[in-house]
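Enquirer: 3D model of this:
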Amino acid sequence: MVDIKQVIVTMLRRERLTADLDDSESKILLDWLVDSIERLGKQSLGKSVIDIEVKKLIEKARVLSKIVCLWNKRKTNSGCFQLLASSNLEDCIPTPNATSLELLESLVSRTKDKENENSSNPQKIAA
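Expert: Numbers count the residues shown, from 1 in each chain. Below is the predicted model of the structure:
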């Protein structure tokens, strides 16, 4: 049995996922990440599969954080739009007046939707 709490604590100590985010953005990102990791722990998955899935989640969190950081720079949004598109999140392209918090909420919501789609098909998780 994998100790998911230990996985989360280790991840939070090692990763600098929120270094460039403000407190409210950090909270949204970390809440999603911790919830996603806890959901993994409730499944009957081996340690190696959980390790792989946690790495994927951390990478996804890095991408979401980077998108928000690019949006905050606003000198040019082309980098933000390119990263959204290459991450299959083009449906989350924000309106010009959207705040970074609104953007992150949209990204996390879309990511949760995709996770729910994948959880209904267990073979996608193991792939």
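Enquirer: Pull out the buried residues from the lengthiest helix in the chain.
Expert: The residue-count maximum for a helix in the chain (DSSP state H) belongs to helix 47-73. Buried residues in helix 47-73, counted by 16 or more other Cβ atoms under 10 Å: 50, 53-54, 57-58, 60-61, 63-65, 67-71. C-beta coordinates here come from the backbone N, C-alpha and C atoms, glycine included.
Enquirer: again, but for stretch 79-90
Expert: For stretch 79-90, the neighbour count (16+ other Cβ under 10 Å) marks Cys80, Phe81, Leu83, Leu84, Ser87, Leu89 as buried.
Enquirer: give me the element the nearest residue to Glu90 once chain neighbours are set aside is part of.
Expert: Distance criterion Cβ to Cβ, 6 or more residues apart in numbering; nearest residue to Glu90, sequence neighbours excluded, is Leu84 at 5.4 Å. If you go by DSSP states H and E, Leu84 is part of helix 78-86.
Enquirer: Show me what secondary structure element comes after that helix.
Expert: In N-to-C order, the element after helix 78-86 by DSSP H and E is helix 100-119.
Enquirer: can you dump the C-alpha coordinates of that following helix into CSV?
Expert: Presented in CSV, the C-alpha positions along helix 100-119 are these (Å, rounded to 0.1, in the frame of the first residue of the first chain):
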residue,chain,number,x,y,z
SER,A,100,-4.7,35.2,-14.1
LEU,A,101,-6.9,33.8,-11.3
GLU,A,102,-9.8,33.4,-13.7
LEU,A,103,-7.5,31.7,-16.2
LEU,A,104,-6.1,29.3,-13.6
GLU,A,105,-9.6,28.4,-12.4
SER,A,106,-10.6,27.7,-16.0
LEU,A,107,-7.5,25.6,-16.5
VAL,A,108,-8.0,23.6,-13.3
SER,A,109,-11.7,23.0,-14.1
ARG,A,110,-10.8,21.7,-17.6
THR,A,111,-8.1,19.5,-16.2
LYS,A,112,-10.5,18.0,-13.7
ASP,A,113,-13.0,17.3,-16.5
LYS,A,114,-10.3,15.5,-18.4
GLU,A,115,-9.3,13.5,-15.3
ASN,A,116,-12.9,12.5,-14.8
GLU,A,117,-13.1,11.3,-18.4
ASN,A,118,-9.9,9.3,-17.9
SER,A,119,-11.1,7.8,-14.5
